[in-house]
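1. Requesting a structural model of the entry that follows:
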Amino acid sequence: MGRIVRSALVVAVIAGCGAVDTRDDDPVLSSPGPLTVGHRELDEAGACNACHVDNQPQLDANKCIACHRAIGARVVQGKGLHASPLVRGKRCEICHADHRGRGYDALGWNHMAGGRDGFNHQLTGWPLDGAHRSATCTQCHTPQTQQGRPTFLGTDRLCGTCHTGPHEFAKPAFRACERCHTTKGWKPPRDALQFEHDDRVDARMPLLSAHGKLACARCHAGAVFNLGLTVPDRCDNCHQTPHANGPFAAVACSRCHSPTLRTFARTAFDHDEHTRFYLGGHKTLPCARCHSSQQTTKPSAACESCHADRSPHGKRFAALGSPPACGLCHTTSFDPALPRWRLGVFNHAKHTKFPLVGEHADVACRACHRGTGPTSFEKLDLAKGCTGCHRHTKVHEGQFTNAECTKCHRPR
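-> Numbers count the residues shown, from 1 in each chain. Predicted structure coming up:
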């Protein structure tokens, strides 16, 4: 009688894991049925100890976790159903039975209140609300195991992994649909969008002044927000430029134009910083004075390109060029307190046949080049030599000619 009671007790204990006592006299454990398809390799190899302890009915949860690492990691992280108070610390075999055939589903939904379709999703740490409540499990949980069975691990909570729409955002941060939508439905969007167009991380184009008053659809027709623009804040992405064939074709619109200026007619261009022509006294001139709308090339920086027809010197310096370069003698005055056309340094040796040496180098221009007015400069006749300037008719009582001056005199 004692032997029968003992045998019955062993059968009752091991039934939950599938082990059966085959002989009352000398119990030998054996499998009462094939393992599920996921454990088939263990069955075929006879590797009972992969799950059992010392070929006994007892199971070791640590051995389960050693294979099912993804679940073990989530338990350690405190995430998911297996980390919930309902499941954590319970024996795995309470829900996940085996030895019931290859086609048996060991996921254990029949042990959960409501089964799979009535599962309390809040136990996973992500309660379903809004339209998600009416969604079926397989609408979101599409991955399958290698054996072709559904798996409920690794489902990304990012909305954009399930929902595809007209936006086609590339960055994961932009696929967080809840920034603009709710789970109640796509339309209408949130009253307060969790999106900042002025933040370059979000849009790379701050909505300044006039742009801030535009409706989204003005730039994003059909709710297409990823416009695929290399430089999103380039004006000519939307605005047709009138400078396409001119000298400003390669210049960024923002050098002159800005939405803060309200209209394209108003410009703000730092000529001194962005060009090689320091404006100086030209700052008071309108841009069109030098840059006409019909101009197709960059204007010359040479003074005579604009001032040749207004030169007060007439043909006086024609020998220096046609027209002569103003910069040979003048520098543009940047100080309003100074004359507008200051005389600079003229290279007398380079541009004339009379190099200034000795005391001649220190003589003021007007000492030799006299004139009737500020723009008139006397042209000296070098053929007369020294007496072209030095008219000493009584010197040496006229006994020496002009050509003989340099026999005794040298400019020092």
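2. Tell me where the protein is predicted with low confidence.
-> Applying pLDDT under 70 to the chain picks out residues 1-31, 293, 332-340, 391-394, 412.
3. all strands of it, in order?
-> Counting by DSSP state E, the chain has these strands, from start to end: 20-21, 29-30, 330-332, 341-343.
4. can you pull the buried residues of the last one?
-> Which is strand 341-343. Across strand 341-343, burial judged by 16 or more other C-beta atoms under 10 Å covers residue 341. The way it works is simple: take the backbone N, C-alpha and C, and place the C-beta from them, glycine included.
5. what's the answer for stretch 100-113, then?
-> Across stretch 100-113, burial judged by 16+ other C-beta under 10 Å covers 104, 106-107, 112.
6. Please apply the same query to stretch 176-196.
-> For stretch 176-196, by 16+ other C-beta under 10 Å, it's 176-177, 179-181, 189.
7. Span of that stretch from start to end?
-> Its start and end residues considered, stretch 176-196 measures 14 Å (C-alpha to C-alpha, to the nearest Å).
8. Same question for stretch 148-156.
-> End-to-end distance for stretch 148-156, by C-alpha to C-alpha: 20 Å.
9. mind checking how far it is from the chain centre?
-> 35 Å (C-alpha atoms, centre = their mean, to the nearest Å).
10. which outside residues touch that stretch?
-> 37-38, 70-71, 74, 80, 105, 107, 137-138, 140-141, 143-145 (C-beta atoms under 8 Å, 6 or more residues apart in numbering).
11. One more: stretch 233-250?
-> For stretch 233-250, the external contacting residues (C-beta under 8 Å, 6+ apart) are 204-206, 219, 227, 229, 231, 251-254, 256-257, 264, 291, 293, 295-298.
12. Which of those residues are buried, as a ChimeraX select command?
-> Here is the ChimeraX command that selects the buried residues among the contacts of stretch 233-250 (16+ other C-beta under 10 Å):
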select :205,219,253,256,257
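13. Just the ones of the contacts of stretch 233-250 in helices?
-> Cross-referencing the contacts of stretch 233-250 against helices under DSSP state H gives residue 219.
14. Give me the neighbour count for residue 98.
-> 22 (other C-beta atoms under 10 Å).
15. again but with residue 319, I slipped
-> 11.
16. next one: residue 237
-> Neighbour tally, residue 237, other C-beta under 10 Å: 14.
17. for the one 4 residues further on, same thing?
-> When counting by other C-beta under 10 Å, one arrives at 15 neighbours for residue 241.
18. now do residue 99
-> 20.
19. From the contacts of stretch 148-156, pick the one nearest residue 213.
-> residue 140 (40.1 Å; C-beta to C-beta).
20. and the gap between the closest one and residue 33?
-> According to C-beta to C-beta, to the nearest Å, residue 140 and residue 33 sit 33 Å apart.
21. can you give me the helices in the chain?
-> For the chain, applying DSSP H gives helices covering 2-14, 40-45, 61-67, 69-77, 137-140, 216-219, 271-274, 304-307, 348-351, 365-368.
22. Look up the closest residue to the spatially most central residue of the chain, ignoring the ones flanking it.
-> Central residue of the chain (C-alpha atoms, centre = their mean): residue 204, 6.4 Å from the mean position. Nearest in space to residue 204, with sequence neighbours left out and distances taken as C-beta to C-beta, 6 or more residues apart in numbering, is residue 232 at 4.7 Å.
23. again, but for residue 330
-> Nearest residue to residue 330, sequence neighbours excluded (C-beta to C-beta, 6+ apart): residue 341, at 4.9 Å.
24. Residue 313 is in contact with that neighbour, correct?
-> No: with contacts counted by C-beta atoms under 8 Å, residue 341 stays clear of residue 313, the gap being 10.7 Å.
25. Of the buried residues of stretch 176-196, which is the nearest to residue 49?
-> Ranked by distance to residue 49 (C-beta to C-beta), these are led by residue 176 at 46.7 Å.
26. Next, the closest one: phi, psi?
-> Main-chain torsions, residue 176, degrees, to the nearest 10: phi -80, psi 80.
27. Can you give me the distance of it to residue 99?
-> Counting by C-beta to C-beta, the gap from residue 176 to residue 99 is 45 Å.
28. do residue 407 as well
-> Distance from residue 407 to residue 99, by C-beta to C-beta: 134 Å.
29. One more: residue 285?
-> To residue 99, residue 285 is 96 Å away according to C-beta to C-beta.
30. What of residue 389?
-> Per C-beta to C-beta, residue 389 is found 127 Å from residue 99.
31. Could you do residue 395 as well?
-> As judged by C-beta to C-beta, residue 395 and residue 99 stand 138 Å apart.
32. for residue 45, same thing?
-> For residue 45, the distance to residue 99 - C-beta to C-beta - is 15 Å.
33. for residue 154, same thing?
-> Distance from residue 154 to residue 99, by C-beta to C-beta: 28 Å.
34. do residue 43 as well
-> On the measure of C-beta to C-beta, residue 43 and residue 99 end up 9 Å apart.
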